[in-house]
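Trainee: here is a sequence together with a model predicted from it:
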Amino acid sequence: MKFKQQDPANLQQQTTPMIDVTFQLLTFFMMTLKISSPEGDFNINMPPAGAGAAAVDQLFPDIKVRLIANANGGLANLRLGERSLGNDALCFQRLNDEILQLIGQPGAARVKELEVEIDADYNLHFENVVKTIGACSGRLAKDGKTVIRYLEKIKFAQPRKNPDV
Amino acid sequence: MKIKSHPMASAEMDMTPMMDVTFQLIAFFMMVTNFEQTQADERVRLAADALAKPPEVKLAHELVINIGYRRNKEGNKVDDQPFVFVPGEELRIPEFRNRLKQEAQLYQVKAVKLEDVTVVIRADADVPAGQVQEFIQMSQEAKFEKFALKAKQTAD
């Protein structure tokens, strides 16, 4: 019996539909791609005023950080207790250094009891508060990834509308 | 005269390298695409800090609040007062008080303890700190206890 031999050129699979679908997929992913910078969290635990925890006597006094705003909402002065740390680009770094001096050794049991109270003027831009929380929370290790924690307990003072109060 | 017909040379291009590259591109885009539905509002311009690290464990229950400004195409503020952006709505911060109470009730209906719910505040860098604090106080009145302030991660 004689078999008719097919031309090997015709045996090739039809790739056109696959290419079509592949390009459609590629277009879809390219169109829907949204590049966004990663976001991080600063956790704040603030039970309602009058809750049981608030009545507990504190072993250590709060570390008070005062943020004074200028008329435009920018930072006019950053104070740690009564000490002025200025308002330049390095003031938050100075705050970070001062906090380290205050706590001594990061991670110690005593340090976990310490609490920072951030007292910011009402009209101060929120970014200054975020930078203050960052400066009080810790610093990055030399590897640029590991966070060395300073203070974990952060709370806010009552918002003050009049900066002079 | 008899003309001998030559078999036609194949005009098909070799598509294999192109397909390889295309599949690699698809694999890349699939890897970098985030399919998770985030509740982040693009109008909010977050403050940046090097210590703002993405959480290692996903929060069990989170209520994401976007506080920002109406801005024009150039990115300038159109309105001096910030808004709370909710899908399809823009509310002033004091107007959100009742919505917070409703959210709290909703969690209670779902048998979720409010102390397990984190209010994630995505506030614009230019929002007055006092208004964010007022929002936190409003949330406390609605019995929320845990808060997370979002910030953009910077490299330095």
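Mentor: Thanks, I have it.
Trainee: which elements pack onto the lengthiest helix in chain B?
Mentor: The longest helix of chain B (DSSP state H) is helix B:16-32. Where contact means 3 or more C-beta pairs under 8 Å, 6 or more residues apart in numbering or on different chains; DSSP states H and E, helix B:16-32 is packed against helix A:16-32. For every residue, glycine as well, the C-beta is placed using N, CA and C.
Trainee: list the buried residues of the helix it packs on.
Mentor: Buried residues in helix A:16-32, counting neighbours by 16 or more other C-beta atoms under 10 Å in any protein chain shown, are found at A:22, A:25-26, A:29.
Trainee: list just the nearest of these to chain B.
Mentor: Checking these against chain B with C-beta to the nearest C-beta, the nearest one is A:F29 at 3.3 Å.
Trainee: what sits up against the helix or strand following the longest helix of chain B?
Mentor: Using DSSP states H and E, the helix or strand that follows helix B:16-32 in sequence is strand B:48-49. For strand B:48-49, contacts defined as C-beta atoms under 8 Å, 6 or more residues apart in numbering or on different chains pick out A:40, A:42, A:127, A:130-131, A:133-134, B:125, B:151-154.
Trainee: cutoff 7 Å now
Mentor: A:130-131, A:134, B:151-152, B:154 (C-beta atoms under 7 Å, 6 or more residues apart in numbering or on different chains).
Trainee: lowest-confidence one in those residues?
Mentor: Ranked by pLDDT, these bottom out at B:T154, which scores 80.
Trainee: what packs against the stretch of helix or strand B:Q102 belongs to?
Mentor: Taking DSSP H and E as the criterion, B:Q102 maps to helix B:97-109. Under the contact definition 3 or more C-beta pairs under 7 Å, 6 or more residues apart in numbering or on different chains; DSSP states H and E, helix B:97-109 sits against helix B:129-141.
Trainee: could I get the helix it packs on in PDB with only the CA atoms?
Mentor: Provided in PDB are the C-alpha atoms of helix B:129-141 (Å, rounded to 0.1, in the frame of the first residue of the first chain):
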ATOM      1  CA  ALA B 129      -1.100  68.400  61.900                       C
ATOM      2  CA  GLY B 130      -4.000  69.600  64.100                       C
ATOM      3  CA  GLN B 131      -6.600  68.400  61.600                       C
ATOM      4  CA  VAL B 132      -5.000  64.900  61.600                       C
ATOM      5  CA  GLN B 133      -5.000  64.900  65.400                       C
ATOM      6  CA  GLU B 134      -8.700  66.000  65.300                       C
ATOM      7  CA  PHE B 135      -9.400  63.100  63.000                       C
ATOM      8  CA  ILE B 136      -7.600  60.700  65.400                       C
ATOM      9  CA  GLN B 137      -9.800  62.100  68.200                       C
ATOM     10  CA  MET B 138     -12.900  61.600  66.200                       C
ATOM     11  CA  SER B 139     -11.800  58.000  65.600                       C
ATOM     12  CA  GLN B 140     -11.200  57.500  69.300                       C
ATOM     13  CA  GLU B 141     -14.700  58.800  70.000                       C
END
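Trainee: before we move on, the earlier item: would you mark the buried spots in the helix holding B:Q102?
Mentor: In helix B:97-109, counting by 16+ other C-beta under 10 Å, buried: B:97, B:99-100, B:103-104, B:107.
Trainee: let's have those residues in a markdown table, adding pLDDT.
Mentor: Putting these into a markdown table (pLDDT from 0 to 100) gives the following:
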| residue | pLDDT |
| --- | --- |
| B:R97 | 92 |
| B:R99 | 92 |
| B:L100 | 92 |
| B:E103 | 93 |
| B:A104 | 93 |
| B:Y107 | 94 |
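Trainee: most widely separated two among those residues?
Mentor: B:R97 and B:Y107 (16.3 Å; C-beta to C-beta).
Trainee: can you give me how far the longest helix of chain B is from the chain middle?
Mentor: Taking the mean of its C-alpha atoms, helix B:16-32 sits 27 Å from the chain's own mean (C-alpha atoms, centre = their mean, to the nearest Å).
Trainee: and that helix, what's buried?
Mentor: Buried residues in helix B:16-32, counted by 16+ other C-beta under 10 Å: B:22, B:25-26, B:29.
Trainee: what about the residue nearest to B:D116 when sequence neighbours are not counted, distance to chain A?
Mentor: Setting aside the residues directly before and after it, B:D116 is nearest to B:H61 in space (C-beta to C-beta, 6 or more residues apart in numbering or on different chains), at 5.6 Å. According to C-beta to the nearest C-beta, to the nearest Å, B:H61 and chain A sit 14 Å apart.
Trainee: mind checking pLDDT for B:H61?
Mentor: 90.
Trainee: hang on, B:I67 in a strand?
Mentor: Yes. Per DSSP: H, G, I helix; E, B strand; the rest coil, B:I67 lies within a strand segment.
Trainee: can you read off the pLDDT for it?
Mentor: 95.
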